[in-house]
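> below: sequence and its predicted model.
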Amino acid sequence: MAISIDDIKKLKELTGVGLTDAKVALVEADGNFDKALEAMRKKGLTKAEKKGDRETREGLIESYVHSGRIGVIVEVNCETDFVARLPEFKEFAHQIAMQIAAMAPKYPTLEDVPAEDYEAKKQELLASDALKDKPADMAEKIVDGQLKKYFAEQVLAEQAFVLDDSMTVGDRIKEQVAKSGENIRVSQFKRIELGVTE
């Protein structure tokens with residue numbers, strides 16, 4: 001079975017792997033591009049998770065203004081100045097700024113949620129009238145599910161990615177880590193909406 005050079009190049013571009021790895025993935029997937037892409041994504045994400053502890057002292061500040069009504073400024077970090085200056089990195093940071101403008105998250109990651117905010121939301125949910133007749137263990141499980149859903153909307157990394165809702169922002173970050181070969185993190189952001197004060 002012949003594997004097209006265009007498919008190899010496209011797979012390389014989308015996953016950040018070498019040409020040989022891209023060709024091997026296509027051969028293993030019997031020429032099925034989508035199957036090869038999925039296999040490479042899984043491999044890339046596994047590598048990305050291993051890079052997650054490396055220090056990120058470089059990066060850039062990206063801004064985005066939507067229709068003169070919503071403004072976002074975000075700090076996206078990587079390991080080296082070389083990666084920070086790449087057009088793909090700037091494009092990635094811009095996508096993150098657009099995500100923040102569209103979805104208004106409050107925290108970059110679950111780890112950034114202050115314990116007192118998490119606990120306050122948990123107590124608020126536990127005090128709900130809908131749970132007062134439920135056994136304690138069942139109420140706890142229901143609240144765990146509600147907390148997960150609530151923070152999936154409040155936490156940037158847990159949100160569905162607006163440009164491809166088949167993945168979360170966390171998945172998109174891992175994909176970028178796999179492509180760049182460096183750890184990447186969104187450390188802070190500020191979103192301003194005309195006429196809205198916090």
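Arrived safely.
> so residue 172, which of the three states?
Following DSSP: H, G, I helix; E, B strand; the rest coil, we place residue 172 in the helix state.
> ok, residue 163 next?
Put simply, residue 163 is coil when judged by three-state DSSP.
> count the residues that sit near it.
By the other C-beta atoms under 10 Å criterion, the neighbourhood of residue 163 contains 11 residues. Where C-beta positions appear, they are placed from N, C-alpha and C, glycine not excepted.
> please report phi then psi for residue 135.
The phi/psi pair for residue 135 (degrees, to the nearest 10) reads phi -60, psi 150.
> burial count for it?
Residues near residue 135, counting by other C-beta under 10 Å, number 9.
> any idea which residue of the chain is furthest from its center?
Taking C-alpha atoms, centre = their mean as the measure, the residue most remote from the mean C-alpha position of the chain is residue 133, 38.0 Å away.
> how much space separates that one from residue 139?
Plainly put, residue 133 is 9 Å away from residue 139 if you go by C-beta to C-beta, to the nearest Å.
> would you map the helices across this structure?
Listed in chain order, the helices found in the chain under DSSP state H are 5-15, 19-28, 33-51, 81-84, 87-103, 115-126, 136-154, 169-180.
> helices and strands of the protein: which one bottoms out on pLDDT?
helix 33-51 (a mean of 65; mean pLDDT, DSSP states H and E).
> tell me which of the helices of the chain lies nearest to residue 59.
Between residue 59 and those, the shortest separation by C-beta to C-beta is 5.2 Å, and it involves helix 81-84.
> list the buried residues in the closest one.
Burial within helix 81-84, assessed by neighbour count using 16 or more other C-beta atoms under 10 Å, is assigned to 83, 84.
> and that helix, what does it pack against?
strand 58-66 (3 or more C-beta pairs under 8 Å, 6 or more residues apart in numbering; DSSP states H and E).
> what packs against the strand it packs on?
Based on contacts counted as 3+ C-beta pairs under 8 Å, 6+ apart, the elements that strand 58-66 packs against are strand 70-78, helix 81-84, helix 87-103.
> give me the number of residues near residue 154?
Counted with other C-beta under 10 Å, the neighbours of residue 154 add up to 17.
> surely it and residue 105 touch.
Yes - Residue 154 sits in contact with residue 105 when judged by C-beta atoms under 8 Å, with a separation of 6.0 Å.
> can you pull the contacts of the closest residue to residue 173 other than its chain neighbours?
Nearest in space to residue 173, with sequence neighbours left out and distances taken as C-beta to C-beta, 6 or more residues apart in numbering, is residue 184 at 5.9 Å. Contacts for residue 184 were tallied using C-beta atoms under 8 Å, 6 or more residues apart in numbering; they are 56, 59, 76, 77, 78, 92, 173, 176, 177.
> how about a cut-off of 10 Å?
Counting by C-beta atoms under 10 Å, 6 or more residues apart in numbering, residue 184 makes contact with 48, 51-52, 54, 56, 59, 76-79, 83-84, 89, 92-93, 96, 173-178.
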